[in-house]
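> Build the 3D model from these lines:
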Amino acid sequence: MQVLLRRDVKGIGRRGDIVTVSSGHARNYLIPNGLAVEATEGAIAQADTVKRTRSTREAADRDSARAIAAIFAATPLVVNAKAGATGKLFGSITASDIVAGVEQQFQVVVDRKHVEIAAPIRELGTHQVTIGLYGDVRGTLTVEVRAV
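Next up is the predicted model:
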């Protein structure tokens with residue numbers, strides 16, 4: 001039986017997809033729980049509209065993420081921190097500090113879970129950090145830690 005998914009269903013498909021599932025699964029689980037509707041001509045037309053809208057939105061989001069990645073590559077993030085005479089920081093620069101700095105300096109909101117840092121930064125100087133921006137688009141950010 002072909003159904004149109006109204007929501008993302010793990011292991012089956014994404015919202016707007018037309019998928020073939022067993023009749024029992026469709027009638028006993030997907031349709032009663034509002035996860036899918038039977039694939040009629042009207043539903044298929046609606047699915048095409050949803051797919052076109054989704055692909056347009058995803059392309060725009062991907063383009064803006066690439067633009068942000070280019071800005072990250074061109075401009076270093078400057079973080080001021082207290083440090084000792086040997087260049088060791090009192091404390092460390094973590095993913096949360098980098099997120100706050102990116103929001104302040106670039107006016108871009110990123111999730112700290114998408115900041116890929118090998119280990120907390122504990123020394124003055126420049127360090128490379130990778131930030132996941134959208135799907136497979138990643139930006140490499142140079143973090144310049146300066147003493148206060």
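
> okay, now the domains of the chain?
If you go by automatic domain parsing, the domain ranges for the chain are 2-59, 64-147.

> May I see those arranged in CSV, with mean pLDDT and mean neighbour count as well?
Backbone N, C-alpha and C define where each C-beta goes, glycine included. Converted to CSV, these look like this (pLDDT from 0 to 100; neighbours: other Cβ atoms under 10 Å):
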stretch, mean pLDDT, mean neighbour count
domain 2-59, 91, 14
domain 64-147, 92, 15
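
> Can you pull the phi/psi pair for Arg52?
With angles defined as degrees, to the nearest 10, Arg52 sits at phi -60, psi -40.

> now do Ala119
phi -150, psi 160.

> What of Ala81?
According to degrees, to the nearest 10, Ala81 has phi -150, psi 150.

> Over to Val21?
According to degrees, to the nearest 10, Val21 has phi -130, psi 170.

> Verify the contact between it and Val9 for me.
No. Applying Cβ atoms under 8 Å, one finds Val21 not in contact with Val9, separated by 9.3 Å.

> Would you mind listing the residues touching both of the two?
Counting by Cβ atoms under 8 Å, 6 or more residues apart in numbering, the common neighbours of Val21 and Val9 are 30, 36.

> Please report how far the spatially most central residue of the chain lies from His114.
Closest residue to the average C-alpha location of the chain: Tyr134 at 4.0 Å, with Cα atoms, centre = their mean. Distance of Tyr134 to His114, given as Cβ to Cβ, to the nearest Å: 9 Å.

> Over to Ala26?
36 Å.

> Please apply the same query to Ala70.
Taking Cβ to Cβ as the measure, Ala70 falls 17 Å from His114.
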